[in-house]
Each structure stands twice: as C-alpha cells, then as structure tokens.
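**Q** Structural data only, the sequence is not supplied:
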C-alpha cells in the first residue's frame with residue numbers, strides 16, 4: 001500500500017508539474033499577446049498623431065496662404081485708394097489753377 005500511495009503521490013506531483021507548466025505557457029502566451037496588443041495600440045496612436053500633425057501643418061499652410069492673400073488684397077486696395085486720392089488732388093489743383101487763371105484774365109481785362 002505504501003508503494004501505491006507513493007506511486008499516487010508521484011503521479012499527482014507529475015500532474016501538478018504538467019498543469020503548472022501548461023499554466024505557465026498560457027501566462028506567457030497571454031503576456032505576449034498583451035505586448036502585441038500594446039504595440040499595435042502604440043502604432044495606431046503614433047499613426048493618428050502623425051496624421052493630426054500633418055493636418056495641423058496643412059491647416060497652418062492654408063491659414064498662411066489666406067493671410068498672404070488678404071495682405072495682398074489690402075495692399076492693392078491701399079494702392080488704388082492712393083491713386084484715386086492723387087488723381088482727385090491733381091484734378092482739384094488743376095481746377096484751382098484754372099479758376100486763378102480766369103480771375104487773373106478777368107482782372108487784366110478790367111485793368112485795360
């Protein structure tokens with residue numbers, strides 16, 4: 001009977017070792033799967049971050065272009081306003097000179 005008990009103890013010990021090794025293998029497989037999932041998640045996050053950075057850069061370029069176009073339009077409008085002002089001033093100056101010339105001519109006629 002002692003031999004049966006010892007054989008049973010050996011069998012139980014071997015079964016426990018086998019189950020422990022199987023459990024250890026499952027734990028290692030789950031740990032590897034978790035690392036794989038974490039790496040995949042990190043890759044997705046990095047990809048999203050890169051995509052967002054690219055979108056932000058594109059948006060910044062667009063804003064820069066819009067601001068440059070607005071500045072160009074403003075400068076063109078200012079130049080046009082300056083030209084109109086200069087033309088109006090020249091026209092007013094010409095009218096003033098014509099009026100003075102007419103007054104001088106009229107005064108000369110009266111003086112004769």
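**A** Happy to help now that I have it. Bear in mind the structure is a predicted one, so any value in this text is a computation, not a measurement.

**Q** Now do the helices in this structure.
**A** Taking DSSP state H as the criterion, the chain carries its helices at 2-111.

**Q** okay, and for it, where does confidence drop off?
**A** Nowhere does the chain drop to pLDDT under 70.

**Q** Of all residues in it, which one is nearest the centre?
**A** Residue closest to the average C-alpha location in the chain (CA atoms, centre = their mean): residue 56, at 1.0 Å.

**Q** Tell me who's in contact with that residue.
**A** With contacts defined as CB atoms under 8 Å, 6 or more residues apart in numbering, residue 56 has no neighbours. Yep, even glycine has a C-beta here, placed from its N, CA and C like the rest.

**Q** What's the local residue count around residue 66?
**A** 10 (other CB atoms under 10 Å).

**Q** measure it to residue 57 for me?
**A** Remark: distance between residue 66 and residue 57 (CB to CB, to the nearest Å) = 15 Å.

**Q** Tell me, how many residues neighbour residue 2?
**A** 6.

**Q** And for residue 46?
**A** 10.

**Q** what's the answer for the one 5 residues further on, then?
**A** The tally of other residues near residue 51 (other CB under 10 Å) stands at 10.

**Q** just residue 91 next, same as before
**A** The burial count for residue 91: 10, using other CB under 10 Å.

**Q** Run through the residues that contact it.
**A** Taking CB under 8 Å, 6+ apart as the definition, residue 91 has no contacts.

**Q** Quickly note the distance from residue 60 to residue 49.
**A** For residue 60, the distance to residue 49 - CB to CB - is 16 Å.

**Q** Fine by me, thanks again.
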